[in-house]
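Participant: need coordinates for the following:
(2 chains)
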Amino acid sequence: QQQVKQSPQSLIVQKGGIPIINCAYENTAFDYFPWYQQFPGKGPALLIAIRPDVSEKKEGRFTISFNKSAKQFSLHIMDSQPGDSATYFCAGGSSGSARQLTFGSGTQLTVLP
Amino acid sequence: DAGVIQSPRHEVTEMGQEVTLRCKPISGHDYLFWYRQTMMRGLELLIYFNNNVPIDDSGMPEDRFSAKMPNASFSTLKIQPSEPRDSAVYFCASSLYGGGTDEQFFGPGTRLTVL
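Facilitator: Down below sits the predicted model:
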């Protein structure tokens, strides 16, 4: 019930491409869906997050699309750059809950120059 | 603020030895988390503290693992005795309010290798 399933495990795109990372959740109590970005040798850092009251959130080149009925959400990176090469984790969380974030398994993104 | 500080950054030890990982959270953050990251299992929450009190240690894999938070600015994760399967990157993170919707700030991690 707590699982967040993430795909693909790895992704390679050319510079300027639009990589898409998908996540699916099971727990209907989740009402907060962040994406964390992790560069090699660093800890994950919050990139962008969405609440289920909207279907899309955009911050710069990063967009989260959210489908509440399907219990799925995805990260799109517009005009991807080699500097976006990192591991991306989706997660689910519940407000008013003592439970902490449940992370997906991660997607290793490589953007070729 | 310097962010979450972890030490050591790298640790190589032999099977059976005791390993102690250290963490200093961001000042003022009430929640502290310990995670383990491996290729096979991804990012796993081991334990978290609220105001220095352990709240949920259900992710601690075995009794060989223990964690303490003697004060608001320091926490340790200890493995005794260590085994090769404990090799992983261990992250400490802190957050202001905790719960499932608060941003967690991660440290740089400790890469542990058990030979």
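Participant: which stretches of chain A aren't confidently modelled?
Facilitator: Filtered on pLDDT under 70, chain A yields the residue ranges A:1-2, A:96-99.
Participant: cutoff 50 now
Facilitator: Within chain A, no stretch has pLDDT under 50.
Participant: the helices in it, which residues?
Facilitator: Shown for chain A, no helices are assigned by DSSP state H.
Participant: helices along chain B, start to end?
Facilitator: Going by DSSP H, chain B shows no helices.
Participant: how about the residues of it by chain A?
Facilitator: B:4, B:33, B:42-43, B:45, B:48, B:55-56, B:91, B:93, B:98-101, B:103-109 (CB under 8 Å from any CB of the partner chain). Where you see a C-beta, it was placed from the backbone N, CA and C, and this is true even at glycine.
Participant: run the last query once more with 10 Å
Facilitator: Where chain B comes near chain A, counting by CB under 10 Å from any CB of the partner chain, the residues are B:3-4, B:6, B:9, B:31, B:33, B:35, B:37, B:39-45, B:48, B:50, B:55-56, B:59, B:89, B:91-93, B:95, B:98-109, B:111.
Participant: and chain A, which residues reach chain B?
Facilitator: Residues of chain A lying near chain B (CB under 10 Å from any CB): A:4, A:6, A:9, A:27, A:29-34, A:36, A:38, A:41-46, A:49, A:51, A:87, A:89, A:91-106, A:108.
Participant: weed out the non-buried ones from those residues.
Facilitator: Taking 16 or more other CB atoms under 10 Å in any protein chain shown as the criterion, what is buried in the residues of chain A next to chain B is A:4, A:6, A:27, A:30-34, A:36, A:38, A:43-44, A:49, A:87, A:89, A:91-94, A:97, A:99-106, A:108.
Participant: among the residues you listed, which are located in strands?
Facilitator: Using DSSP state E, the subset of those located in strands is A:4, A:6, A:33-34, A:36, A:38, A:49, A:87, A:89, A:91-92, A:102-103, A:108.
Participant: for those, please prepare JSON lines with the additional fields distance to B:Pro84.
Facilitator: Converted to JSON lines, those look like this (distance: CB to CB, whole Å):
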{"residue": "A:Val4", "distance to B:Pro84": "29"}
{"residue": "A:Gln6", "distance to B:Pro84": "27"}
{"residue": "A:Phe33", "distance to B:Pro84": "36"}
{"residue": "A:Pro34", "distance to B:Pro84": "33"}
{"residue": "A:Tyr36", "distance to B:Pro84": "28"}
{"residue": "A:Gln38", "distance to B:Pro84": "24"}
{"residue": "A:Ala49", "distance to B:Pro84": "37"}
{"residue": "A:Thr87", "distance to B:Pro84": "24"}
{"residue": "A:Phe89", "distance to B:Pro84": "26"}
{"residue": "A:Ala91", "distance to B:Pro84": "29"}
{"residue": "A:Gly92", "distance to B:Pro84": "32"}
{"residue": "A:Thr102", "distance to B:Pro84": "28"}
{"residue": "A:Phe103", "distance to B:Pro84": "24"}
{"residue": "A:Gln108", "distance to B:Pro84": "24"}
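Participant: between those residues, which is nearest B:Ile26?
Facilitator: A:Tyr36 (16.4 Å; CB to CB).
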